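J.: need coordinates for the following:
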Amino acid sequence: MWAITLLIFVFIFGHSIEPGPQGKTMGTLSFPTMLRRYGTGVIEAVSRVGGTIGTYFFKLFSKLLVLGTPC
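T.: Sure thing, here's the model as predicted:
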């Protein structure tokens, strides 16, 4: 039961902190107008890298926890 609770906590925590739309909007508005296009590109790149790493580690963790996901 504690493992399920921990997984739910990590899931909600992951969706609440950065990579969502609010993180991209605030990241874009944090840059001055002259640098905004570069800042938006950096924010998008970081988001893509995070998604790629998350996908990779999901496969590893699913195999480690034997969730039935083929690797």
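J.: switch to C-alpha atoms for all contacts and neighbour counts from now on
T.: OK.
J.: which strands or helices does whichever strand or helix holds G50 pack on?
T.: Using DSSP states H and E, G50 falls within helix 36-65. Counting by 3 or more Cα pairs under 8 Å, 6 or more residues apart in numbering; DSSP states H and E, the packing neighbours recorded for helix 36-65 are helix 21-29.
J.: now the helix it packs on: mean pLDDT?
T.: Per-region confidence: helix 21-29 scores 67 on mean pLDDT.
J.: near T40, how many other residues are there?
T.: 18 (other Cα atoms under 10 Å).
J.: leaving out the residues flanking it, which one is nearest to it?
T.: T28 (5.3 Å; Cα to Cα, 6 or more residues apart in numbering).
J.: buried set for the helix holding G50?
T.: Residues 39-40, 43-44, 47 are the ones in helix 36-65 that count as buried (16 or more other Cα atoms under 10 Å).
J.: could the residues you listed go into CSV alongside distance to V66 and pLDDT?
T.: As requested, the buried residues of helix 36-65 are exported to CSV (distance: Cα to Cα, whole Å; pLDDT from 0 to 100):
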residue, distance to V66, pLDDT
G39, 40, 82
T40, 38, 82
I43, 34, 79
E44, 32, 80
S47, 28, 75
